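> whatever this is, show me its structure:
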Amino acid sequence: MVFDPTRQLNESQRRAVTAPDGPVLVIAAAGTGKTRTLTHRVAWLVLEKGIDPRRILLLTFTNRAAREMLERAAHLVGGDVGGLWGGTFHHAANRMLRRHAPLLGYGPDFTILDQDDSLRLIKQCISELGLKDKKFPKPRVLSSVYGLAANRGADIEETVQDHFGTHSVDLDGVLKVHARYEERKRGLNAMDFDDLLVNGLRLLHEHENVAHAYQEQMQYVLVDEYQDTNKLQAGFVDQIAAQHGNLLVVGDDFQSIYSWRGAEVQNILSFEKRHPEALVVTLEENYRSTPSILNVANQVIAGNPEQYQKVLRATRPAEVKPVLAQLADGGHQARYVIEKVRRLIDSGAVAPRDMAVLYRSHFHALELQLELARSKMNYVLMSGVRFFEQAHIKDVCSLPRLAANPADSLAFARLVELLPQVGPKRAQSLWTALGEHFNLRDTAKRQKVAELLPKDAQPLWAVIDNDVFASDEDSGDVLERPDELIFRFNRAFYEEFANTTFENARNRLEDIEELIRFSAKYTNTAEFLGEMALLTNMDAEQDRHAGKATDAIRLTTVHQAKGLEWKAVFVLWLVDGMFPAMRSLEEAVGDAEERRLFYVAVTRAKDYLWLCVPRMRKSRDGGIQVCMPSRFIDEIDRDLLQTDRPGGFSHTPAWAKRGPRSW
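Sure, this is the predicted structure:
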């Protein structure tokens, strides 16, 4: 087989594949064939330029992506591309460190700690320093914070302050654990996952002869998904390519959506400043979506001023316009999506596996999960555990469960095991001492728990007791109001507990806020728990009898949908404060990254797209919160959309008719 670099490539792809030596920036918009471009570049270098594969470095973010590209390149070449350095940044750094670790004070047989090993070691450090307390951050939280500092190349003290500064956390203790952790790793001749990048870059910075050897060897460096690189990865790439200067990076600044885990969009935006002689090639021919879908994506993303402006051009014929669905509330939205899904299936237009429902945050899919369970429709939740099965939701529901059933030993154990120095055995002894019955209305029983708890747990129980069960004439019987009960428990105890226990505490606390809203529509605690248990059991029953996962629709956050595509896509809760998320608007990234996230959501759709805009949602006080359409929706010309107002847009849920309640 003779490789033809012009075969199956459009003009822009051909320019990128056959680019002359020197730095090349390929701006590959969504669905424009970036993988094809990279693999053809490898094949062109080997066959047309006669480059030895051992002198090519191909960096990706997953081993799977690397394998796929190498397989495609081998197919194009008509043989093996063995010797090519293909893999993740961590893989490349590890190969270098295996040869030169002694230069950094490590043995060449150093151990790479997996996540479990790393967490166990951090736990040991906490114990050695006498900081083992349920109010002290858990190892997983510390690991996340330490890793964020490493990947951003940021000062550990500043990172710790930024993360924990607003919480009652022992900041000095957190820093002491970090220092001990670094010391212990050295003593074990071990590196964690983040150390591979940190030390790989150190190796190149501190040992000029080693850097020169790899710079000479790697005549061509290719990087995939460049917009997702962090500070360390961008520095690593620039160092390796410094001698020959043959650096080709492929990415799309429009799809840079991972700043929360250290990715820096400025790496791709500043590429030309760091490499003034760079050739820039823009891929704009989209092979995925219809023109009407791309028109929406183009219009909204144009609102970001600091970016490589580009316009997606469809290669497919025009079909139906995207639908702007104006709905009453979350429940109405859920029923609407299910109705449309059924119509698509019944008409034979789209199979379930080719449909996806996307949302900004996990809790946005709560009502939809409930309606899907009621309708016995198969679905695969790609964005995590089903709502009521999540640990934090079960935690805060332990009080309502006890309120409804004082004999619920499982709920009691879950509640008290959240406290310091209380494990399963202590929880069981407490339960036995209480006569295997705990009525939350019984002041004497609550006081007895306080007396039997370990000393470190007693102050926290006192806070819960005082703040949750304090008499309040205006609130009525708090035990009969699940929303009030969960709200008080969260405010008194669980919010701080979450911040020291979970690395994604903010997301979990948002889930709890949504649970409070959701539970406010029930007239009493028993009704709420009954509905929750019924739906959870329906989910479990469905899972046991469901067909293959390929027969189910997909539910996922937009972050996890990146890189995927479906024939039909529904985007939920397109209202300000939810998409874009309020917390993001309040942070440094502003609405720029939220706009990119919306762009990613829209460009997952191939044929059909629904943009769902509910007009109201439950407020935390049991009343109505009027929702403003997302600013991104407001930016779309209405002639690009078809508007659907199901039921004449007159539906008002029963809870809204009842009006607000006072707390």
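
> the helices in the stretch 201-350 of the chain, which residues?
Listed in chain order, the helices of the stretch 201-350 of the chain (DSSP state H, counting those that start in this stretch) span 208-217, 231-240, 266-269, 271-274, 291-301, 330-347.

> next: the stretch 451-600 of the chain.
458-469, 482-489, 495-501, 505-519, 525-545, 558-561, 582-585, 590-602.

> what's the least confident stretch among the ones you listed?
The minimum mean pLDDT among the helices of the stretch 451-600 of the chain belongs to helix 525-545 (a mean of 69).

> max-length strand in the protein?
Scanning the chain for the longest strand, with DSSP state E as the assignment, gives strand 605-614.

> what is the burial count for T432?
T432 is flanked by 10 other residues according to other CB atoms under 10 Å. All C-beta atoms are positioned from the backbone trio N, CA, C, and that covers glycine.

> do the same with V357
Residues lying near V357 (other CB under 10 Å) number 30.

> residue contacts, it?
Contacts were defined as CB atoms under 8 Å, 6 or more residues apart in numbering; by that measure V357 touches 337, 365, 368, 553-556, 569-572.

> center of this structure - which residue?
Taking CA atoms, centre = their mean as the criterion, H559 is the residue nearest the geometric centre of the chain, at 5.3 Å.

> distance of that one relative to G22?
Going from H559 to G22 by CB to CB, to the nearest Å gives 34 Å.

> same thing with P352?
Distance, P352 to G22, by CB to CB: 48 Å.

> check V46 too.
Separation of V46 from G22 (CB to CB): 19 Å.

> between the two, which one's more packed in?
Neighbours were counted for V46 and for G22 using other CB under 10 Å; V46 has more, 23 against 14.

> could you verify that that one is part of a helix?
Yes: assessed by DSSP: H, G, I helix; E, B strand; the rest coil, V46 belongs to a helix.

> surely it is in contact with P53?
Yes: using CB atoms under 8 Å, V46 makes contact with P53 at a distance of 6.0 Å.

> pull the number of nearby residues for E206.
E206 has 12 nearby residues by other CB under 10 Å.

> so who does it touch?
Listed by CB under 8 Å, 6+ apart, the contact partners of E206 are 103-104.

> look up how far A154 lies from it.
Using CB to CB, E206 is found at 20 Å from A154.

> likewise for P139?
Here the criterion is CB to CB. By it, P139 lies 20 Å from A154.

> who has more neighbours, the two?
Using other CB under 10 Å as the criterion, P139 and A154 rank with P139 on top: 20 against 14.

> tell me the contacts of that one?
By CB under 8 Å, 6+ apart, the contact list for P139 reads 119-120, 122-123, 126.

> how does it look with 7 Å?
Each residue near P139 by CB atoms under 7 Å, 6 or more residues apart in numbering is listed here: 119, 122-123, 126.

> so of those residues, which ones are in helices?
119, 122-123, 126 (DSSP state H).

> identify the farthest-apart pair in those.
The two members of the ones in helices among the contacts of P139 with the most space between them (CB to CB) are L119 and I126, at 10.5 Å.

> how close does V42 get to Y599?
Using CB to CB, we find V42 at a distance of 29 Å from Y599.

> the residue nearest to V221 when sequence neighbours are not counted - how many residues pack around it?
In space, and not counting its chain neighbours, V221 is closest to A241: 4.4 Å by CB to CB, 6 or more residues apart in numbering. By other CB under 10 Å, the residues close to A241 number 23.

> okay, A241 and A92: tell me how far apart.
12 Å.

> quick one on the thing from earlier: enumerate every residue touching the residue nearest to the centre of the chain.
Each residue near H559 by CB under 7 Å, 6+ apart is listed here: I257.

> next: the one 10 residues further on.
The neighbourhood of V569, defined by CB under 7 Å, 6+ apart, consists of 356, 358, 604-605, 609.

> and if we set it to 6 Å?
With contacts defined as CB atoms under 6 Å, 6 or more residues apart in numbering, V569 is in contact with 356, 604-605, 609.

> just give the nearest non-adjacent residue to it, would you?
Closest to V569 by CB to CB, 6+ apart is A605, at 3.8 Å.

> ok, now how distant is that neighbour from I633?
A605 is 16 Å from I633, by CB to CB.

> more neighbours: the two, which one.
A direct count of neighbours by other CB under 10 Å for A605 and I633 places A605 higher, at 27 against 23.

> helices of the stretch 51-200 of the chain, start to end?
Counting by DSSP H, counting those that start in this stretch, the stretch 51-200 of the chain has helices at residues 63-77, 89-100, 115-128, 139-152, 156-164, 171-187, 193-206.

> indicate which one of those helices is closest to G563.
Closest of the helices of the stretch 51-200 of the chain to G563 is helix 63-77, at 9.0 Å (criterion: CB to CB).

> so which bits of the closest one are buried?
65-66, 69-70, 72-74, 76-77 (16 or more other CB atoms under 10 Å).
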